[in-house]
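A.B. asks: Structure, please.
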Amino acid sequence: MNFFKPLGFTIISTLVLTACARPSIEERMENIDELISQGDTREAIVMLKSIVSEEVDNANLRLRLAEAYFAQGNLASSEKEARKAIELDVATPKAKRLLIESLFFQDKFEDLLLTAE
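C.D. replies: Numbers count the residues shown, from 1 in each chain. Coordinates of the predicted model:
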């Protein structure tokens, strides 16, 4: 009978740890997409910032965060994240377009001209 106590504890511990495991980035991104489609950009940004803090060199995540900031009207943060996305992946035309739009709506025309070159 003493043999079963440690075994039972191990099984229960494993089940608890598995149930408490953090969702994958893909699962969290699905939740973020759902939040954005429901118009809850603020909560989506909180979740995106959490993921970006784990994946600081991921240009796609930076771009998604820039898009969320832009949708929220936070143009300065959108500009910052779009610039980081471009630094990480120069071949992202979507990030460059978003950067240009963010600069335009902030009336940063000189920066806009420099970026467009």
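A.B. asks: give the contact list for the spatially most central residue of the chain.
C.D. replies: With distances taken as CA atoms, centre = their mean, the residue of the chain nearest its centroid is L48 (3.0 Å). L48 makes contacts with 32, 61, 64-65, 68, as judged by CB atoms under 8 Å, 6 or more residues apart in numbering. (C-beta placed from N, C-alpha, C; glycine too.)
A.B. asks: Pipe those into a markdown table and attach pLDDT, neighbour count and secondary structure per row.
C.D. replies: Listed next are the contacts of L48 as a markdown table, based on pLDDT from 0 to 100; neighbours: other CB atoms under 10 Å; DSSP: H, G, I helix; E, B strand; the rest coil:
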| residue | pLDDT | neighbour count | secondary structure |
| --- | --- | --- | --- |
| I32 | 89 | 25 | helix |
| L61 | 92 | 24 | helix |
| R64 | 93 | 22 | helix |
| L65 | 95 | 26 | helix |
| A68 | 95 | 25 | helix |
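A.B. asks: Out of these, which comes closest to T115?
C.D. replies: Nearest to T115, judged by CB to CB, of those is L65 at 18.7 Å.
A.B. asks: who are the neighbours in contact with the closest one?
C.D. replies: Taking CB under 8 Å, 6+ apart, one finds 45, 48-49, 52, 81 in contact with L65.
A.B. asks: so where is the protein shaky, pLDDT-wise?
C.D. replies: 1-21, 117 (pLDDT under 70).
A.B. asks: 90 instead?
C.D. replies: 1-29, 31-33, 35-37, 39, 55, 89-92, 112-117 (pLDDT under 90).
A.B. asks: the helices in it, which residues?
C.D. replies: 4-19, 25-37, 41-54, 59-72, 75-88, 93-105, 109-116 (DSSP state H).
A.B. asks: What residues sit buried inside the last one?
C.D. replies: Counting neighbours by 16 or more other CB atoms under 10 Å, one finds that the buried residues in helix 109-116 are 111-112, 115.
A.B. asks: CA atoms only for that helix, dumped as CSV, please.
C.D. replies: The C-alpha trace of helix 109-116 is given here as CSV (Å, rounded to 0.1, in the frame of the first residue of the first chain):
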residue,chain,number,x,y,z
PHE,A,109,5.9,64.7,-42.2
GLU,A,110,9.7,65.2,-42.0
ASP,A,111,10.1,61.7,-40.5
LEU,A,112,7.6,60.4,-43.0
LEU,A,113,9.8,61.7,-45.9
LEU,A,114,12.9,60.1,-44.4
THR,A,115,11.1,56.8,-43.9
ALA,A,116,9.7,56.7,-47.4
